[in-house]
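*Asks:* predicted structure and sequence below. I'll ask about it afterward.
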Number of protein chains: 2
Amino acid sequence: MTTVRIYVTYKQSVFDPQGEAITNSIHSLGHDEVKGVKVGKFFDVTIEDNDKPVAETVKEISEELLVNFNMETYSYKILEEK
Amino acid sequence: MTTVRIYVTYKQSVFDPQGEAITNSIHSLGHDEVKGVKVGKFFDVTIEDNDKPVAETVKEISEELLVNFNMETYSYKILEEK
């Protein structure tokens, strides 16, 4: 059993309104040392060992479901292998 | 300038409906090797060097804004120090 963490972030070219809003809120709390915030999401996916490589499962579920390639990009790392 | 990544996840005890829904969608795409999905979010926060330790800024903005401690927990790591 392998657990991978798939990180999904906005492409550099895409404006991140949520990050902007959070930065403004943080400043209103008096934390001017914070210069910027970017928001992302991640998926911890548990994959049962089988004949298909983990990388292939990650690629397929990212392309078929988890990532909107118009605006987002993804990377992943293996969290745990049991 | 330091960039930290703050991970926010549901507490173990909290049911993750979005993760369940994604797991079901993945299964309907034929990926039965996927046994479960948990969803989380992260914030990449750029902090200007100042007299306050980074850890203190992270703690304060997490407690004051980014994390709902009724349902969520957080951790962070330093991505970059320039």
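*Replies:* Sure thing, it's come through. Residues are numbered from 1 along each chain as shown, chains lettered A, B, ... in the order given.

*Asks:* rest of the way, CA atoms for contacts and neighbours
*Replies:* Fine.

*Asks:* residues near residue A:12, how many?
*Replies:* Neighbour count for residue A:12, taken as other Cα atoms under 10 Å in any protein chain shown: 10.

*Asks:* for the closest residue to residue A:74 other than its chain neighbours, give me its contacts.
*Replies:* Once flanking residues are discounted, residue A:74 sits nearest to residue A:8: 4.5 Å by Cα to Cα, 6 or more residues apart in numbering or on different chains. With Cα atoms under 8 Å, 6 or more residues apart in numbering or on different chains as the criterion, the residues that contact residue A:8 are A:40-42, A:67, A:72-75.

*Asks:* can you check residue A:40 too?
*Replies:* Shown in contact with residue A:40 (Cα under 8 Å, 6+ apart): A:7-10, B:41-44.

*Asks:* would you reformat those as CSV and include distance to residue B:23, pLDDT and secondary structure?
*Replies:* Formatted as CSV, those follow (distance: Cα to Cα, whole Å; pLDDT from 0 to 100; DSSP: H, G, I helix; E, B strand; the rest coil):
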residue, distance to residue B:23, pLDDT, secondary structure
A:7, 17, 97, strand
A:8, 17, 97, strand
A:9, 20, 95, strand
A:10, 23, 94, strand
B:41, 17, 97, strand
B:42, 21, 97, strand
B:43, 24, 97, strand
B:44, 27, 96, strand
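
*Asks:* follow-up on the earlier one: now do the residue nearest to residue A:74 against residue A:72, distance only.
*Replies:* Residue A:8 sits at a distance of 6 Å from residue A:72 (criterion: Cα to Cα, to the nearest Å).

*Asks:* residue A:60 now?
*Replies:* From residue A:60 to residue A:72 the distance is 15 Å (Cα to Cα).

*Asks:* for beta bridges, what are the partners of residue A:76?
*Replies:* When bridges are taken as DSSP bridges, the partners of residue A:76 come out as residue A:6.

*Asks:* now do the phi/psi pair for the residue lying farthest from the centre of chain A.
*Replies:* Using Cα atoms, centre = their mean, the residue of chain A lying farthest from its centre is residue A:30. It sits 28.1 Å away. With angles defined as degrees, to the nearest 10, residue A:30 sits at phi 90, psi 10.

*Asks:* ditto for the one 3 residues further on
*Replies:* Backbone dihedrals for residue A:33, given as degrees, to the nearest 10, come out at phi -70, psi -20.

*Asks:* assess the claim that it and residue B:50 are in contact.
*Replies:* Yes - under the criterion of Cα atoms under 8 Å, residue A:33 makes contact with residue B:50 at 7.0 Å.
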